[in-house]
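Enquirer: model this:
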Amino acid sequence: MSDTAQSYASHARYVPGFHFFALPVLLINAIVWIVNAVRHPGVDNAWGAVVAIAIFLAVFYARGMALRVQDRVIRLEETLRLTRLMPSRGADIARLSRDHLVALRFASDAEVPGLVDRVLAGELATRREIKAAVQTWRADHLRA
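Expert: Just a heads-up that it's a prediction; the model follows:
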């Protein structure tokens with residue numbers, strides 16, 4: 001866990017070994033195998049291309065699945081937090097989407113009710129808009 005401050009401008013999570021090495025290498029490997037299979041048709045090269053594509057897609061989808069599970073956990077955490085902060089507004093909380101809840105996790109307890117009002121009024125719709133509206137940032141260093 002990092003103790004560095006986060007903000008809207010610095011909250012994106014990149015894992016250098018994954019985002020800047022493993023994924024590009026796997027993508028380039030798939031491209032090389034596809035080019036090789038086209039230039040030198042044969043069962044071995046075609047199979048190599050299929051396996052290279054499968055490995056790249058498996059890693060890509062595994063990351064997506066981890067992020068989807070993380071979003072579900074955040075949805076649960078934020079629903080509980082909003083229920084604690086705004087106990088009389090259960091119907092309003094139920095109207096918030098997963099994307100709304102994921103973005104609201106960065107807002108301080110004091111500003112959450114106002115942001116929820118803005119979301120429900122249609123003033124803020126996307127994760128990006130909600131996060132940009134946060135004034136007092138709650139860091140999240142435990143993201144996948």
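Enquirer: ok, A144 to V32 distance?
Expert: The spacing between A144 and V32, counted by CB to CB, to the nearest Å, is 29 Å. Every residue, glycine included, has its C-beta placed from N, CA and C.
Enquirer: what does R95 give?
Expert: Note on R95: its distance to V32, by CB to CB, is 49 Å.
Enquirer: can you check G114 too?
Expert: G114 sits 53 Å away from V32 when distances are taken as CB to CB.
Enquirer: other SSEs contacting the biggest helix by length in the chain?
Expert: Looking across the chain with DSSP state H, the single longest helix is helix 43-85. Packing contacts for helix 43-85, counted by 3 or more CB pairs under 8 Å, 6 or more residues apart in numbering; DSSP states H and E, involve helix 23-39, helix 90-94, helix 98-104, helix 112-120.
Enquirer: let's go with 6 Å and repeat that
Expert: Other helices and strands packing on helix 43-85, by 3 or more CB pairs under 6 Å, 6 or more residues apart in numbering; DSSP states H and E, are helix 23-39, helix 98-104.
Enquirer: what's the most buried one of the ones you listed?
Expert: Highest mean neighbour count among the helices and strands packed on helix 43-85 (mean count of other CB atoms under 10 Å): helix 98-104, with a mean of 21.
Enquirer: thinking again about what came up before, same list (the helices and strands packed on helix 43-85) but as JSON lines, adding distance to A58 and mean pLDDT.
Expert: Below are these laid out as JSON lines (distance: least, CB to CB, whole Å; pLDDT from 0 to 100):
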{"stretch": "helix 23-39", "distance to A58": "9", "mean pLDDT": "97"}
{"stretch": "helix 98-104", "distance to A58": "25", "mean pLDDT": "95"}
